[in-house]
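K.L.:
Next input, structure requested:
(4 chains)
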There are 2 protein chains.
Amino acid sequence: MVNAASILMPMRSYAQYCGLAKALDVVGDRWTLLIVRELLIAGPCRYTDLLNGLPGIATNLLSDRLTQLEAAGLIRQAVAPPVATTLYRLTPRGEELREVIRALGRWAGPLLGQRLRSDTFRGHWLALPLELYLADRTPQRAPIAIVRSGGEILVLETNLGGIRTRPGPADRPDAVLSGPPELVLGVLLGRIDLAAGRSRGLQFEGDPKVLGRLRPAREVKT
Amino acid sequence: MVNAASILMPMRSYAQYCGLAKALDVVGDRWTLLIVRELLIAGPCRYTDLLNGLPGIATNLLSDRLTQLEAAGLIRQAVAPPVATTLYRLTPRGEELREVIRALGRWAGPLLGQRLRSDTFRGHWLALPLELYLADRTPQRAPIAIVRSGGEILVLETNLGGIRTRPGPADRPDAVLSGPPELVLGVLLGRIDLAAGRSRGLQFEGDPKVLGRLRPAREVKT
DNA sequence: CCGCATCCGGGGCGATACTG
DNA sequence: CAGTATCGCCCCGGATGCGG
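P.N.:
Residues are numbered from 1 along each chain as shown, chains lettered A, B, ... in the order given. Below is the predicted model of the structure:
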């Protein structure tokens, strides 16, 4: 039965004629931008995929946020032939939040130095910092692929001097990294020596030289 | 007496090893980014200035947020000779949020089309959209200044092809605009004809030709 | 199993009063 | 002027139920 009483208030508005305030009226409440993150880096998702990609969220909150996001025109539900269930996907307007999320991700660089024991992790979350902080030193050479293997597989590929990522698996990767994400990130960004990473639990297969092709795309403070 | 029980919990953390989540742990709760906006476009502020620039905020929340922002290293308190009271100002780390706020402001462009009757307004808020959406068509010519006069005075100046704003007053401005902000914005962005703006309550003094030097810096959808 | 809806306890938030 | 104190309310978080 449809609950007629669940009017679902769209978040308390700041009621300010200011772009920032208007933006926060739409994407400012808790979990909203993280849901957009999931849809941006993982593509169209089922409800369960979102629950799994957002550890800590309550199911009712996810449901509420999806309703609000759809009402705001940022996502839409669609049935896709490969899966029987409905998928949530970003609209073009929702995709435009990519630059907002990239700006926040860049600002957060220094906050990713250490990982707290209480911090959860999902493999595909590495896509954001890797694309933001890493570049290809010799773009004229053949592309390389590096797989970060762990619960999930994330393929990192050079692309015109930049880096692209996609869900795995990869076909004959040049290297495979496995282990705690802060070590994978540290070694790829050059903040941690490969030998030091290995001694702390990182597993590496392939030619270490391919790591030399990668360089930090910008100053990343610790 | 100091209340020993007010431990001021620093917002519930997402506890995710992800840059976006870490950023939102710091600036994600209500009012925080708006406080940063005030300090960015108005410069160092007194407590009362912030209260006035953030209509709707409760005094205890402002106090809490300032404490959290200082603990996070984004602002600091300082006594400045001109005023007897303490001023809040951004640290360099806090200033780095400018690009985050600009990204959100750009995304919010379409949301500034109409102004609700319940929307409050402060003159200096126009600084954000004007610097984001406006450019100078003929940067080689002498700079111009346009004053938007209303409760506050905001001076708009051309600067190397871009636009800069500063608090007024201006010395011999080329033009003066007064009236509702949505009309001022509409006319400056070319979305509203000057004649149409005047008929709806906009006041304009000076040479209308100076408006022709300004052009939208990017596609601004309605 | 998937996609929610419902219920409930706690705390963040909003409005106001008050104080140095 | 610059906050602190207090008090409801409602959002949030966690658990559970339940139809498809």
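
K.L.:
I'd like to know how many residues surround whatever residue of chain A ends up closest to DNA strand D.
P.N.:
Proximity of chain A to DNA strand D (CB to the nearest atom of the strand) peaks at residue A:58, 3.4 Å away. In short, each C-beta sits where N, CA and C put it, glycine included. Residues within reach of residue A:58, counting by other CB atoms under 10 Å in any protein chain shown, total 11.

K.L.:
and the gap between it and chain B?
P.N.:
The gap separating residue A:58 from chain B is 12 Å, by CB to the nearest CB, to the nearest Å.

K.L.:
That residue and residue A:64, how far apart?
P.N.:
Distance, residue A:58 to residue A:64, using CB to CB, to the nearest Å: 9 Å.

K.L.:
next one: residue A:33
P.N.:
Going from residue A:33 to residue A:64 by CB to CB gives 15 Å.

K.L.:
who's in contact with residue A:70?
P.N.:
Applying CB atoms under 8 Å, 6 or more residues apart in numbering or on different chains to residue A:70 gives the contacts A:76-77.

K.L.:
Surely it is within a helix?
P.N.:
Yes - according to DSSP: H, G, I helix; E, B strand; the rest coil, residue A:70 belongs to a helix.

K.L.:
which helices and strands sit right next to the worst-scoring helix or strand of chain A on mean pLDDT?
P.N.:
Lowest by mean pLDDT, DSSP states H and E among the helices and strands of chain A is strand A:145-149, with a mean of 87. Packing contacts for strand A:145-149, counted by 3 or more CB pairs under 8 Å, 6 or more residues apart in numbering or on different chains; DSSP states H and E, involve strand A:153-159, strand A:175-178.

K.L.:
which of the residues in stretch A:190-204 are buried?
P.N.:
Neighbour counts over stretch A:190-204 (16 or more other CB atoms under 10 Å in any protein chain shown) mark A:191-192, A:197, A:202, A:204 as buried.

K.L.:
Name the SS class of the nearest residue to residue A:90 once chain neighbours are set aside, please.
P.N.:
Using CB to CB, 6 or more residues apart in numbering or on different chains and skipping the chain neighbours, the partner closest in space to residue A:90 is residue A:39 (4.9 Å). Following three-state DSSP, residue A:39 is assigned to helix.

K.L.:
that older thread, give me the sheet partners of the least confident helix or strand of chain A and which way each runs.
P.N.:
Strand pairing for strand A:145-149, determined by DSSP bridges: strand A:153-159 (antiparallel), strand A:175-178 (parallel).

K.L.:
buried ones in the following helix or strand past the first one?
P.N.:
Per DSSP states H and E, the first helix or strand lying C-terminal to strand A:153-159 is strand A:162-167. Taking 16+ other CB under 10 Å as the basis for neighbour counts, the residues of strand A:162-167 that come out buried are A:163, A:165.

K.L.:
and if you look at stretch A:62-72?
P.N.:
Residues A:62, A:64-66, A:68-69, A:72 are the ones in stretch A:62-72 that count as buried (16+ other CB under 10 Å).

K.L.:
Throw those residues into CSV and include distance to chain B and pLDDT, thanks.
P.N.:
Shown next, in CSV, are the buried residues of stretch A:62-72 (distance: CB to the nearest CB, whole Å; pLDDT from 0 to 100):
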residue, distance to chain B, pLDDT
A:62, 14, 97
A:64, 17, 96
A:65, 14, 97
A:66, 18, 97
A:68, 15, 96
A:69, 14, 97
A:72, 10, 96
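
K.L.:
Tabulate these (TSV), appending distance to DNA strand D.
P.N.:
As requested, the buried residues of stretch A:62-72 are exported to TSV (distance: CB to the nearest atom of the strand, whole Å):
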residue	distance to DNA strand D
A:62	9
A:64	7
A:65	8
A:66	13
A:68	9
A:69	13
A:72	15
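
K.L.:
can you tell me which two in these are farthest apart?
P.N.:
Longest distance between any two of those is 15.6 Å, between A:62 and A:72; criterion CB to CB.

K.L.:
DNA strand C contacts on chain A?
P.N.:
Proximity of chain A to DNA strand C (CB under 7 Å from any atom of the strand) is limited to residues A:1, A:3, A:6, A:12, A:46-48, A:58-60, A:63, A:66, A:77, A:85-86.

K.L.:
Residue numbers of chain A in contact with DNA strand D?
P.N.:
So chain A meets DNA strand D at A:9, A:11-12, A:29-31, A:56-61, A:64 (CB under 7 Å from any atom of the strand).

K.L.:
Chain A: helices as residue ranges?
P.N.:
Counting by DSSP state H, one finds helices in chain A at the ranges A:19-27, A:32-42, A:47-53, A:59-71, A:92-95, A:98-107, A:127-133, A:181-188, A:194-199, A:209-212.

K.L.:
how far away is the most centrally placed residue in chain A from residue A:165?
P.N.:
Geometric centre of chain A, nearest residue: residue A:125, 3.8 Å, by CA atoms, centre = their mean. Distance, residue A:125 to residue A:165, using CB to CB: 11 Å.

K.L.:
which residues are common contacts for these two?
P.N.:
By CB under 8 Å, 6+ apart, the residues touching both residue A:125 and residue A:165 are residue A:41.

K.L.:
Out of the strands paired with strand A:145-149, flag the one nearest residue A:145.
P.N.:
Among these, strand A:153-159 sits nearest to residue A:145 (CB to CB), with 5.1 Å.

K.L.:
how far is the closest one from where the chain is centred?
P.N.:
Relative to its chain's centre, strand A:153-159 lies at 13 Å (CA atoms, centre = their mean, to the nearest Å).

K.L.:
From the rest of the structure, what touches that strand?
P.N.:
Against strand A:153-159 from outside (CB under 8 Å, 6+ apart): A:123-124, A:126-127, A:130, A:134, A:136, A:139, A:143-148, A:163-170, A:173, A:188, A:213.

K.L.:
repeat that for 6 Å
P.N.:
Here strand A:153-159 makes contact (CB atoms under 6 Å, 6 or more residues apart in numbering or on different chains) with A:123-124, A:126, A:130, A:136, A:143-148, A:164-166, A:168-170.

K.L.:
List the contacts of the closest residue to residue A:57 other than its chain neighbours.
P.N.:
Nearest non-adjacent residue to residue A:57, counting by CB to CB, 6+ apart: residue A:31, 5.5 Å away. Listed by CB under 6 Å, 6+ apart, the contact partners of residue A:31 are A:57, A:61, A:65.

K.L.:
can we see that at 7 Å?
P.N.:
Residue A:31 is in contact with A:54, A:57, A:61, A:65, counting by CB atoms under 7 Å, 6 or more residues apart in numbering or on different chains.
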